[in-house]
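K.L.:
3D model of this:
(2 chains)
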Amino acid sequence: EVQLVESGGGLVQPGGSLRLSCSASGFTFSYYAMHWVRQAPGKGLEYVSAISSNGDNTYYADSVKGRFTISRDNSKNTLYLQISSLRVEDTAVYYCVKDRGSYYFDYWGQGTLVTVSS
Amino acid sequence: DIQMTQSPSTLSASVGDRVTITCRASQSISNWLAWYQQKPGKAPKLLIYDASSLESGVPSRFSGSGSGTEFTLTVSSLQPDDFATYYCQQYDSYLLTFGGGTKVEIK
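P.N.:
Residues are numbered from 1 along each chain as shown, chains lettered A, B, ... in the order given. The predicted structure follows:
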């Protein structure tokens, strides 16, 4: 059974940083691209970032470019999102998402809430 | 970026109704479109991919159609478990984008 378990969310002040982690199991992690998608409270889904299966290629939405860094450790079956220079508008549930192989998403984690507030 | 526009944003319907949700792309995306269902407090769930392919385990009352710029998700006979928010997502461009969502409410 595929499982994606996020951790690392919490309350942080504007300008602060956090590192989100996603522990993956139930599939060969190193074979698949992985993504982060976020959802602000009461709002829709927003695509955030992607990383290729071997970690060589990354992508960021314009709204987070230069502030967020996606990475992965295939030896630990873990995906990361380093989020820095946080803004109030970054407040959201952050989902770790598995790519089917064609840039749509077949498995989602339960999400981790990041709250940016002073 | 490719913009995805869903309509309506909210839909009131009754159990047994046939329901159709539309998703329009700002440029042609061929058939590179997925649909997801999200219930409150839960992660989204994949329903349809490649515009019309039903994900394994998804009831056959769900169907998708369209190509190019206009797509539809249809629920042939709405069931109590189907009241949720639905999102489309394009993957024609690596700049992946979602529609704004359609909330299906009980009439």
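
K.L.:
what does chain B put close to chain A?
P.N.:
Contacts of chain B with chain A, taken as CB under 8 Å from any CB of the partner chain, map to B:32, B:34, B:36, B:38, B:43-46, B:49-50, B:55, B:87, B:89, B:91, B:94-101. C-beta coordinates here come from the backbone N, C-alpha and C atoms, glycine included.

K.L.:
what about 10 Å?
P.N.:
Neighbours of chain A within chain B, by CB under 10 Å from any CB of the partner chain: B:1, B:6, B:9, B:32-36, B:38, B:41-46, B:48-50, B:55-56, B:85, B:87, B:89-101.

K.L.:
tell me the phi and psi of B:Ile29?
P.N.:
When read as degrees, to the nearest 10, the backbone of B:Ile29 gives phi -120, psi 20.

K.L.:
got a list of what the nearest residue to B:Pro8 once chain neighbours are set aside touches?
P.N.:
In this structure, B:Pro8 finds its nearest non-sequential neighbour in B:Thr102, 6.3 Å apart by CB to CB, 6 or more residues apart in numbering or on different chains. By CB atoms under 10 Å, 6 or more residues apart in numbering or on different chains, the contact set of B:Thr102 is B:6-11, B:19-23, B:35, B:73, B:84-88.

K.L.:
Name the nearest residue to B:Ser93, ignoring sequence neighbours.
P.N.:
The shortest distance from B:Ser93 to any non-neighbouring residue, by CB to CB, 6+ apart, is to B:Ile2 (5.4 Å).

K.L.:
residue boundaries of the strands in chain A?
P.N.:
With DSSP state E as the criterion, chain A has strands at A:3-7, A:10-12, A:18-25, A:34-39, A:45-51, A:58-60, A:68-73, A:78-83, A:92-99, A:105-108, A:112-116.

K.L.:
center of chain A - which residue?
P.N.:
Nearest to the mean C-alpha position of chain A, counting by CA atoms, centre = their mean, stands A:Trp36 at 3.2 Å.

K.L.:
For the buried ones among the contacts of B:Thr102, write the corresponding ChimeraX selection.
P.N.:
The ChimeraX selection below is limited to those of these classed as buried (16 or more other CB atoms under 10 Å in any protein chain shown):
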select /B:6,11,19,21,22,23,35,73,84,85,86,87,88
